[in-house]
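*Asks:* From the sequence below, what's the structure:
(chains A and B)
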Amino acid sequence: MKTQLENNIIKTERTGPVLFSPYKRGDAIKKAVKQKREDILFEIKDSGLKGRGGAGFPTSTKWMLTAAAKADKKFIVCNADEGEPGTFKDRVLLMEYPQLVFEGMVVGGYTIGAQTGIVYLRAEYEYMFEQLENYLANMREDNLLGENILGTDFSFDISIRLGSGAYVCGEETALIESLEGHRGEPRNRPPFPVNTGYMGYPTSVNNVETLAAVPHIITKGGSWFKKFGTDKSTGSKLFSVSGDCERPGVYELPWGTSINELLEIVGAKNTKAVQVGGASGICVPRSQFDRKLGYEDIPTGGSVIIFNESRNMLHVLKNFMEFFVEESCGQCTPCRIGNIKLLEGVEMIERGEFTFKYINTLKELGRTMQVASKCGLGQSSPNSFISILENFKDEIFHTTGTNGFNGKAGK
Amino acid sequence: MLVVEKNALSEEIEGYVNKYGKDRSSLLPVLQAIQRKHSYINDFAQQEVARLLDIHPVEVFSVISFYSFLHSKPTGRNIVRLCQTISCDMANKSKVVQAIERELGIKFGETTKDNRITLEFTNCIGMCDQGPAMIVNDRVYTKLDPEKAVNILNEIK
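*Replies:* Have a look, this model is predicted:
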């Protein structure tokens, strides 16, 4: 096979409370198509499932709104454009658990009354394309997909579309623009995709991991799902762990796990900081490692990057800002210009040519970007700038060692 | 471009348009198909796509220029994309970069003289637990070290 990977990307055995718990292929669809749509919505609502991409919008609400919208066509889109630095959980789900993702889409399609599902797969994952297409063909053979699924009057099919290397297309309206054949520039919201989405039809855009949780909720029930996690963050979360630790990889842990516990599990030593939520997330210093991962405290899409004592945080910040300058779609001014200004600020600190007054102005600019940018990219890109400069000011501004601006920072 | 070449390319693009549908939403799949076969989308191909999908050629160019995996200028036969984002960076990406640049005699962003390889940096490719990582065309290579990376690049034709 051309797409065969030479490394151990696929692990044979995984265990976890929810997503990685045992599941028999086809069970969720078999059960769902016999149920009323309202009952499924009730079950999802009862489970408290929230969007796993990072924003944490309740899935039942999204589906209810799409189901309530009146139109002759509806769509369900699986957002497999994970581009957030440090995230690779969708890769694991799609490679090892495609049944969960696709069956989640079928159940979702049934619930909201859609006829078509579209998987938006990022270009970087093109090597999975053939394997996923084969899996869909298998599902069609078993009548889990296609015309009159399992003898009912429900017909639904899934197609896979490739992205072309744009981080911003993970934003749902940019993703829809891209599907329609345009530049991936986010739209104004409202109208939200649940009313006016792909081709103007009601569309529910869900993260891969959200959809993968659905078959488990259908077969085992919302109250079972609720047993894991905390009151406001039910269920479990996949964490993509990378950086300075002994065992990087994907871990399924219940919500509410503290950063300390997570570091213990992955074997991280001498940890100075943890970046939670990727480049657009926040940088947590050691003094706050007792904070908990969950919508109540630190909400995240699951990216965890670990830095040990030897890392230069200014260099980390520079890497993040370079990322945003490259990936900003350029549509709105706060994000297009703002990220460049923030990067220039980091470079000034690196060279030692800055004034605190200007750095404070840049932090103000960051806060302006958080409210004035059009989409999540520009709204969250200043997070790491602000949190790293606040939390590591000793290292960055006060010391004169190899890590400070007086030493040679950077590569 | 020779007339015969133009005709062949037109025919090819017509095939893609028939396959994906004569609709604006087919624009990306059509462009991706051209890119896959020719490694870039030349001016004539852009005009043909525009004509067949009934949109303005500048719209086609605008879309190509937006996406980092689509090219409107000639590239090498093989495109090598090395991840530059933080986790790969921390896993000694810069050593791999130096070794590749030394071995091929070109910098990232350039193409070898024999047109064999174009070197590019790319953002996170989702291999953060196995960095440094790179994509050669559509194949992923992980846990690179300088020697391994160079050996892989020396093997591709």
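
*Asks:* how about the top helix by length along chain B, does it reach chain A?
*Replies:* Looking across chain B with DSSP state H, the single longest helix is helix B:3-20. No: judged by C-beta under 8 Å from any C-beta of the partner chain, helix B:3-20 stays clear of chain A, getting no closer than 9.9 Å. (Each C-beta comes from the backbone N, C-alpha and C, glycine too.)

*Asks:* Past that helix, which element shows up next along the chain?
*Replies:* Remark: after helix B:3-20, the chain's next helix or strand is helix B:27-38, criterion DSSP states H and E.

*Asks:* what packs against that next one?
*Replies:* Judged by 3 or more C-beta pairs under 8 Å, 6 or more residues apart in numbering or on different chains; DSSP states H and E, the packing partners of helix B:27-38 are strand A:157-162, helix B:3-20, helix B:43-53, helix B:57-66.

*Asks:* Which of those sits closest to residue B:117?
*Replies:* When the helices and strands packed on helix B:27-38 are compared by C-beta to C-beta, helix B:57-66 sits nearest residue B:117, at 21.4 Å.

*Asks:* picking that back up, the helices and strands packed on helix B:27-38 into TSV, with extra columns for mean neighbour count and distance to residue A:176?
*Replies:* Formatted as TSV, those follow (neighbours: other C-beta atoms under 10 Å in any protein chain shown; distance: least, C-beta to C-beta, whole Å):
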stretch	mean neighbour count	distance to residue A:176
strand A:157-162	18	11
helix B:3-20	14	18
helix B:43-53	19	18
helix B:57-66	18	15
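
*Asks:* Export those to a markdown table and append columns for distance to residue A:212 and mean pLDDT.
*Replies:* Listed next are the helices and strands packed on helix B:27-38 as a markdown table, based on distance: least, C-beta to C-beta, whole Å; pLDDT from 0 to 100:
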| stretch | distance to residue A:212 | mean pLDDT |
| --- | --- | --- |
| strand A:157-162 | 14 | 97 |
| helix B:3-20 | 28 | 96 |
| helix B:43-53 | 35 | 97 |
| helix B:57-66 | 30 | 97 |
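
*Asks:* So what does residue A:359 look like in phi/psi?
*Replies:* Backbone torsions of residue A:359, given as degrees, to the nearest 10, read phi -60, psi -40.

*Asks:* Check the burial of it by counting its neighbours.
*Replies:* 19 (other C-beta atoms under 10 Å in any protein chain shown).

*Asks:* Could you tell me what pLDDT the model assigned to the residue nearest to it when sequence neighbours are not counted?
*Replies:* Nearest residue to residue A:359 in three dimensions, chain neighbours excluded: residue A:345, at 6.3 Å (C-beta to C-beta, 6 or more residues apart in numbering or on different chains). Model confidence at residue A:345, given as pLDDT, is 97.

*Asks:* Out of the helices and strands packed on helix B:27-38, which is closest to residue A:114?
*Replies:* Closest approach to residue A:114 among these (C-beta to C-beta): strand A:157-162, 10.2 Å.

*Asks:* and the helix or strand following the closest one, what does it pack onto?
*Replies:* Using DSSP H and E, the helix or strand that follows strand A:157-162 towards the C-terminus is helix A:172-179. In this structure, helix A:172-179 makes packing contacts with strand A:75-80, strand A:116-121, strand A:203-207, judged by 3+ C-beta pairs under 8 Å, 6+ apart.

*Asks:* at 10 Å what do you get?
*Replies:* Under the contact criterion of 3 or more C-beta pairs under 10 Å, 6 or more residues apart in numbering or on different chains; DSSP states H and E, helix A:172-179 touches strand A:75-80, strand A:116-121, strand A:157-162, strand A:203-207, helix A:376-380, helix B:27-38, helix B:57-66.

*Asks:* how far out from the middle of the chain is the fourth one?
*Replies:* What separates the centre of strand A:203-207 from the centre of its chain is 12 Å, taken as C-alpha atoms, centre = their mean, to the nearest Å.

*Asks:* and that strand, which strands flank it?
*Replies:* strand A:75-80 (parallel) (DSSP bridges).

*Asks:* How far off centre is the strand it pairs with?
*Replies:* Averaged C-alpha coordinates place strand A:75-80 at 13 Å from its chain's average position (C-alpha atoms, centre = their mean).

*Asks:* and the angle for the helix or strand just after that strand with strand A:75-80?
*Replies:* Per DSSP H and E, the first helix or strand lying C-terminal to strand A:75-80 is helix A:89-96. With axes from the mean of the first three to the mean of the last three C-alpha atoms, to 10 degrees defining the directions, helix A:89-96 sits at 110 degrees from strand A:75-80.

*Asks:* Count the neighbours of the residue nearest to residue B:138 when sequence neighbours are not counted for me.
*Replies:* Counting by C-beta to C-beta, 6+ apart, the nearest residue to residue B:138 once its immediate chain neighbours are dropped is residue A:126, at 4.5 Å. A count of nearby residues for residue A:126, using other C-beta under 10 Å, gives 21.

*Asks:* Now do the contacts for residue A:126.
*Replies:* A:3, A:162-164, B:32, B:36, B:69, B:135, B:137-140 (C-beta atoms under 10 Å, 6 or more residues apart in numbering or on different chains).

*Asks:* of these, closest to residue A:177?
*Replies:* Using C-beta to C-beta, the contacts of residue A:126 come closest to residue A:177 at residue A:163, 11.6 Å.

*Asks:* longest single strand anywhere in chain A?
*Replies:* Determined from DSSP state E, the single longest strand within chain A is strand A:236-243.

*Asks:* Check the gap between the residue nearest in space to the middle of chain A and residue B:55 for me.
*Replies:* Against the mean C-alpha coordinate of chain A, by C-alpha atoms, centre = their mean, the closest residue is residue A:53 at 3.1 Å. Going from residue A:53 to residue B:55 by C-beta to C-beta, to the nearest Å gives 31 Å.
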